[in-house]
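Colleague: have a look at this prediction, sequence included:
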Amino acid sequence: MTPRPRRTYTDDFKNQMVLLYQNGKPRKDILAEYELTASAFDKWVRQSQSSGSFKEKDNRTPEQEEMIRLRKENERLRMENDILKQAALILGQK
């Protein structure tokens, strides 16, 4: 059995699916009719309820946001450290 290719959905489509569910259409009917996975559909409902957005960056926890910020800062500090090491070597040669 070949795996089904990964499908992408527009935010409008996701919103329509969530609205169908919120207006009383049974979850199992939506999943069957539109051939959706339960995990994707449940994620859309959660995202819609928590932030109203389907974008990952709008649905991050404060801890996830902090981790991303710290990783960026760590990378910047590494680069600055490398530059300072190179400058020290150049100045040491003179």
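Modeller: Right, received. Where do you want to start?
Colleague: just checking, residue 14 touches residue 54?
Modeller: Yes. Contact criterion CB atoms under 8 Å: residue 14 and residue 54 qualify, at 5.0 Å. All C-beta spots, glycine's among them, are computed from the backbone N, C-alpha and C.
Colleague: quick one: residue 62 from residue 68, how far?
Modeller: 11 Å (CB to CB, to the nearest Å).
Colleague: more neighbours: which of those two?
Modeller: With neighbours defined as other CB atoms under 10 Å, residue 62 and residue 68 compare such that residue 68 has more, 12 against 7.
Colleague: show me what contacts that one?
Modeller: Taking CB atoms under 8 Å, 6 or more residues apart in numbering, we find residue 68 in contact with residue 60.
Colleague: so which helix or strand takes in it?
Modeller: Assigned by DSSP states H and E, residue 68 falls within helix 62-93.
Colleague: now do residue 55, the pLDDT please.
Modeller: With respect to pLDDT, residue 55 scores 70.
Colleague: which one is it nearest to, not counting chain neighbours?
Modeller: Leaving aside its sequence neighbours, residue 55 sits nearest to residue 11 (CB to CB, 6 or more residues apart in numbering; 7.9 Å).
Colleague: look up how far residue 69 lies from the one you found.
Modeller: 26 Å.
Colleague: ok, now residue 25?
Modeller: On the measure of CB to CB, residue 25 and residue 69 end up 40 Å apart.
Colleague: quick one: list the elements packing against the worst-scoring helix or strand of the chain on mean pLDDT.
Modeller: Lowest on mean pLDDT, DSSP states H and E among the helices and strands of the chain sits helix 38-50, with a mean of 90. If contacts are counted by 3 or more CB pairs under 8 Å, 6 or more residues apart in numbering; DSSP states H and E, helix 38-50 sits against helix 11-22, helix 27-34.
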